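Asker: Below: sequence and its predicted model.
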Amino acid sequence: MAEYRCGKCGRVYTENEYRKLERVLFDPDHPRLGFVSKCDCGYVFHRDTWRIRTDVEVDTPRGKRIFTVFSEFLEIGEPSDPMWYETTVITDSIEFECFQMWKHRTKEEAVRMHEAVVNALRNGNYVFEVSTWCFNVILDKDAGG
């Protein structure tokens, strides 16, 4: 079973304890977004979580594109080896498949990795590789193709 950790006071809840916490609207201005749990200290899970985001313009084989380095406190971990933080690299460009992720135990590790990845991208320390296959259906001409 997973454990949940408060991003303010650090208290760790079992899954059963987490389910019993007070539920509050994620965004009172947008009630359709639903309810989330609130720690006894006042921290609202999924809303108050620590995160940093840095957009970096990268030279690609198809011109300049924006890649995003995103680091955050996950609030959820495995009891045997809780990795409470993660750093990811993603892009909104449909031309490239990009998803890299590193997990961390501490906020300090996440901040260091975030800075290292941002610096690597800014300094051109990356490579583009062909890594996907394209699947096309071939229809007989009699079938309308």
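Answerer: Cool, the structure landed. Numbering: from 1, shown residues only.

Asker: Domain boundaries for the chain, per the record?
Answerer: Listed domain ranges for the chain are 1-48, 50-145 (source: automatic domain parsing).

Asker: Just the mean pLDDT for the last one, thanks.
Answerer: Same thing as domain 50-145. Mean per-residue pLDDT for domain 50-145: 88.

Asker: now that domain, how far from the centre of its chain.
Answerer: Here domain 50-145 shows a centroid-to-chain-centroid distance of 9 Å under the convention CA atoms, centre = their mean, to the nearest Å.

Asker: contacting residues for residue 26?
Answerer: Contact analysis of residue 26 by CB atoms under 8 Å, 6 or more residues apart in numbering lists 33-36, 44, 46-47. Backbone N, C-alpha and C define where each C-beta goes, glycine included.

Asker: Out of the residues you listed, flag the one nearest to residue 61.
Answerer: residue 46 (37.1 Å; CB to CB).

Asker: and the closest residue to that closest one other than its chain neighbours, what are its bridge partners?
Answerer: Among residues not flanking residue 46 along the chain, residue 36 sits closest, at 4.9 Å (CB to CB, 6 or more residues apart in numbering). Under DSSP bridges, the beta-bridge partners of residue 36 are residue 24.

Asker: Count the neighbours of residue 20 for me.
Answerer: Using other CB atoms under 10 Å, residue 20 has 10 other residues around it.

Asker: Brilliant, that's me finished.
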